[in-house]
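> Curious how this folds, go ahead:
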Amino acid sequence: MKNYKKIFIVILFSIICCFGIFSYFNLSDGKLDNRESREDIVNRKVDELMSNMTLEEKIGQMIVINYNISEVNEELRSLLEDVKPGGFILMQNNYSTFDATRKFVNDIKSYSSLPFIVATDQEGGRVQRLQLLTDVEPTYVPPMSDVGDTNDIDIAYDVGKVIAEEVRTLGINVVFAPIVDVFSNIDNTVIGNRSFGSDTDIVTRLALSVSKGLEDNGVVSTFKHFPGHGDTSVDSHSSLPIIYKSYEEIDSQELIPFKSAILNGTNMIMTAHIALPNITGDNTPSTMSKEIVTGILRDKLGFDGIVISDALNMKALTNNYSDEEIYIKTVSAGVDILLMPRDARLAVESIKNNISEDRINESVRRILKFKFMELEDNNVLDISYLGSEEHQQIIDRIN
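Residues are numbered from 1 along each chain as shown. Next up is the predicted model:
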């Protein structure tokens with residue numbers, strides 16, 4: 001009996017050793033070990049990809065362009081080939097019929113060999129681009145102030161679901177919503193009923209629920225406009241809003257929704273073109289301020305996701321800076337993605353000639369990792385989701 005026990009122990013020891021040796025060789029020859037996470041795989045893929053990219057190709061990933069036509073013509077084709085942008089935002093002039101708009105998206109994506117951001121503004125209320133489709137009726141989503149009035153996180157989640165499913169019919173994978181600006185200035189017309197309201201807790205809870213509804217249904221959400229556009233009386237589309245608040249003041253109100261979004265793992269935050277001179281010492285717009293983007297958003301709040309600018313063609317910036325200054329200062333501040341530069345080719349050259357490759361790599365690595373982790377292939381739904389009865393029933397619960 002004792003001999004049998006010895007034999008059993010020897011056999012068991014041999015099996016363990018063999019398993020250990022197998023695991024070692026499985027790892028050492030580069031094959032996937034079952035203990036390797038998806039994130040590890042993506043990181044390795046990104047490192048390999050970046051080692052083979054030109055500097056210009058890297059910078060292209062930092063740009064999301066727009067072009068005011070509804071089909072790819074020779075000028076847009078040339079721009080896509082020259083800049084190799086990381087994404088495209090659909091604005092008013094890009095929408096036509098459903099089939100033509102979906103073809104437009106597919107044609108643009110065909111110029112990129114990498115996962116591609118297709119974004120739009122689909123907040124609800126007065127900002128929902130899908131209503132521009134000419135031959136179909138998407139579900140009309142009420143303004144977020146109406147959703148805020150319900151104070152119902154389940155309704156908010158379902159609103160996110162409706163938005164996600166409808167934009168996916170066109171191949172859109174990123175929505176610039178929800179707005180988490182706390183509406184605290186009655187003269188603030190640019191935000192107004194786009195906000196969930198003036199109660200910071202309601203804004204935070206309902207925005208998180210809308211975001212979860214978007215993300216659970218295949219669309220990346222974007223919290224905006226950092227560090228908070230709710231207490232302005234000037235529209236940054238036309239001029240530079242200035243807020244004379246201290247850091248302690250915005251920390252007790254404006255920053256609360258962003259802090260909650262970061263704790264809940266948000267992938268993307270959009271900056272605001274607003275100045276906070278009592279924090280930065282001057283009237284530098286937040287988008288171009290290292291104190292705001294790196295000092296507060298990155299260092300104090302610990303956000304390591306994608307920072308995307310608001311549209312760089314807005315007059316809050318263009319009235320006060322040259323295009324080249326805008327591009328250089330925005331990247332220097334810590335922003336990863338430049339949204340809608342007026343001259344995408346100039347943006348590439350400006351960054352190439354004035355920003356270190358280490359700084360560029362920092363953003364590009366973050367962008368590529370985000371794309372491989374979050375942008376799904378074959379994410380398109382069919383047209384039946386647009387204006388569906390199920391979606392209308394969800395919206396009817398708001399009123």
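> quick one: buried residues of stretch 86-100?
Neighbour-count burial for stretch 86-100, counted by 16 or more other Cβ atoms under 10 Å, picks out 86-91, 94-96, 98. C-beta coordinates here come from the backbone N, C-alpha and C atoms, glycine included.
> Just the terminal-to-terminal distance for that stretch.
22 Å (Cα to Cα, to the nearest Å).
> chain center to that stretch, what's the gap?
Distance of stretch 86-100 from the chain centroid (Cα atoms, centre = their mean, to the nearest Å) equals 18 Å.
> swap in stretch 44-53?
Distance, centroid of stretch 44-53 to centroid of chain: 22 Å (Cα atoms, centre = their mean).
> what's the answer for stretch 96-104, then?
23 Å.
> now it: mean pLDDT?
Averaging pLDDT along stretch 96-104 yields 98.
> hmm, back to that, mind checking which of the buried residues of stretch 86-100 land in strands?
87-90 (DSSP state E).
> Residue 270: which of the residues you listed is nearest?
Set against residue 270, the nearest of those by Cβ to Cβ is residue 89 (11.5 Å).
> confidence score at the closest one?
98.
> Who is it paired with across the strands?
Beta bridges link residue 89 to residue 119, judged by DSSP bridges.
> Tell me how far it lies from residue 239.
22 Å (Cβ to Cβ, to the nearest Å).
> just residue 227 next, same as before
Residue 227 is 19 Å from residue 239, by Cβ to Cβ.
> The two - which one has more neighbours?
For residue 227 versus residue 239, the count of surrounding residues by other Cβ atoms under 10 Å is larger for residue 227: 26 against 14.
> Relative to residue 350, how far out is the more buried one?
25 Å.
> got it, and residue 388?
45 Å.
> Then residue 158?
43 Å.
> do residue 155 as well
For residue 155 relative to residue 350 (Cβ to Cβ), the value is 45 Å.
> again with residue 270
21 Å.
> Kindly report the same for residue 80.
Separation of residue 80 from residue 350 (Cβ to Cβ): 19 Å.
> how about the residue nearest to residue 125 when sequence neighbours are not counted, what does it touch?
Using Cβ to Cβ, 6 or more residues apart in numbering and skipping residues adjacent in sequence, the residue nearest residue 125 is residue 143, 2.8 Å away. When contacts are counted by Cβ atoms under 8 Å, 6 or more residues apart in numbering, residue 143 touches 123-126, 193-194.
> repeat that with 7 Å
124-126, 193-194 (Cβ atoms under 7 Å, 6 or more residues apart in numbering).
> Buried ones among those?
124-125, 193-194.
> Could you dump those into CSV with pLDDT and secondary structure added?
Formatted as CSV, the buried ones among the contacts of residue 143 follow (pLDDT from 0 to 100; DSSP: H, G, I helix; E, B strand; the rest coil):
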residue, pLDDT, secondary structure
124, 96, strand
125, 96, coil
193, 93, helix
194, 94, helix
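> now, the most widely separated pair of these?
Among the buried ones among the contacts of residue 143, 124 and 193 lie farthest apart (Cβ to Cβ), at 9.4 Å.
> one step back: have a look at residue 388 and residue 350 and say which one is more surrounded.
Shown here are residue 388 and residue 350; by other Cβ under 10 Å, residue 350 has more neighbours (23 against 16).
> Where do the strands of this protein begin and end?
With strands called from DSSP E, the chain shows them at 63-65, 87-90, 117-120, 122-124, 127-128, 174-175, 223-226, 268-271, 306-308, 338-339.
> Looking at these, which is nearest to residue 248?
Counting by Cβ to Cβ, residue 248 lies closest to strand 223-226 out of these; the figure is 17.2 Å.
> What mean pLDDT does the closest one get?
What strand 223-226 shows for mean pLDDT is 97.
> swap in stretch 175-192?
In this model, stretch 175-192 has an average pLDDT of 89.
> so what's the closest residue to residue 331 other than its chain neighbours up against?
Closest residue to residue 331 apart from its sequence neighbours, by Cβ to Cβ, 6+ apart: residue 355 at 5.2 Å. Contacts for residue 355 (Cβ under 7 Å, 6+ apart) come out as 328, 331-332.
> gap between residue 355 and residue 363?
9 Å.
> same question, residue 261
20 Å.
> now residue 110
Residue 110 is 25 Å from residue 363, where distance means Cβ to Cβ.
> which of those two has more neighbours?
residue 363 (23 against 11).
> confidence score at the residue lying closest to residue 56 once chain neighbours are set aside?
Nearest non-adjacent residue to residue 56, counting by Cβ to Cβ, 6+ apart: residue 348, 5.9 Å away. Per-residue confidence at residue 348 stands at 98 (pLDDT).
> What of residue 35?
We have a pLDDT of 62 for residue 35.
> How about residue 10?
42.
> can I assume residue 203 is in contact with residue 196?
Yes: under the criterion of Cβ atoms under 7 Å, residue 203 makes contact with residue 196 at 4.4 Å.
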